[in-house]
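> generate a structure from the sequence data that follows.
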Amino acid sequence: MRLLPQIRRRAQHAFRRLNEEQREEAVADVIANTLAAYRRLVELGKEEMAYATVLARFAVAQYRSGRRVGSRKKSRDVLSPARRRCDGNEVVSLESLYGEQAGFVSALIDHRQTSIPDQAAFRIDFNTWLRRLRPRDRRLVKFLTLGNSPSEAADELRVSRGRISQLRDELHADWSAFHGEAAIAASAAS
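Numbering: from 1, shown residues only. Next up is the predicted model:
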């Protein structure tokens with residue numbers, strides 16, 4: 001307990017550039033790591049070798065390398081800090097990539113029943129198809145994709161419910177033609 005204040009100060013200094021939530025998490029992990037290391041020194045009868053600066057420096061290095069107390073290093077996990085450093089990848093939020101469109105993109109992406117290759121193909125094809133649409137049609141597609149009802153879409157676009165139905169049929173046919181489903185259906189029929 002007498003080492004704890006100095007360990008905490010060193011960890012806070014080491015992680016001073018992180019945002020508050022990340023810093024608190026990192027400091028807590030460093031404290032847990034130093035406790036585990038101290039316990040091991042006591043078990044080995046080497047308690048006199050426990051120095052706050054050394055324990056803290058080691059724990060900070062462990063944290064930065066992605067090693068957490070109580071868990072194995074997951075070298076194949078693409079989200080692990082160690083793996084991201086090796087591959088040079090970065091994890092970013094949808095909001096940082098798409099801004100106010102993040103809710104729309106998230107609604108398109110989160111489908112656990114669709115295979116990964118189909119999801120990837122859809123993301124590429126759908127964005128390309130969407131850019132081809134007229135602004136009003138693009139707005140309708142985005143509005144409906146977010147889970148809004150056709151009646152709400154009619155109110156939003158100031159058209160009748162029947163017109164929304166017609167537009168949905170037109171958009172479905174256009175998507176099928178763009179995606180090649182019409183050609184597939186025609187070749188299967190012959």
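
> and A32, how close does it get to S151?
54 Å (C-beta to C-beta, to the nearest Å). C-betas here are computed from N, CA, C, even on glycine.

> compare these two (neighbour count), which wins?
A32 (15 against 10; other C-beta atoms under 10 Å).

> mind checking which helix or strand that one is in?
Take DSSP states H and E as the rule and A32 turns out to sit in helix 20-43.

> how far does that helix sit from the chain's center?
Averaged C-alpha coordinates place helix 20-43 at 26 Å from its chain's average position (C-alpha atoms, centre = their mean, to the nearest Å).

> buried ones in the next helix-or-strand element following it?
Sequence-wise, the next helix or strand downstream of helix 20-43 (DSSP H and E) is helix 52-64. Buried residues in helix 52-64, counted by 16 or more other C-beta atoms under 10 Å: 52, 55-57, 59-60, 62-63.

> can you check stretch 128-142 too?
Neighbour counts over stretch 128-142 (16+ other C-beta under 10 Å) mark 129-130, 133, 137, 140-142 as buried.

> which one of these is nearest to A26?
K142 (38.4 Å; C-beta to C-beta).

> coming back round to it: so of the buried residues of stretch 128-142, which ones are in helices?
Counting by DSSP state H, these place 129-130, 137, 140-142 in helices.

> widest-spaced pair of those?
Greatest spatial distance in these: W129 and L140, 13.4 Å, computed using C-beta to C-beta.

> which stretches of the protein have low pLDDT?
70-112, 181-190 (pLDDT under 70).

> tell me how it divides into domains.
4-87, 94-189 (automatic domain parsing).

> please compute how far the first one lies from its chain's middle.
If you compare the mean C-alpha spot of domain 4-87 with that of the full chain, they lie 24 Å apart, counting by C-alpha atoms, centre = their mean.
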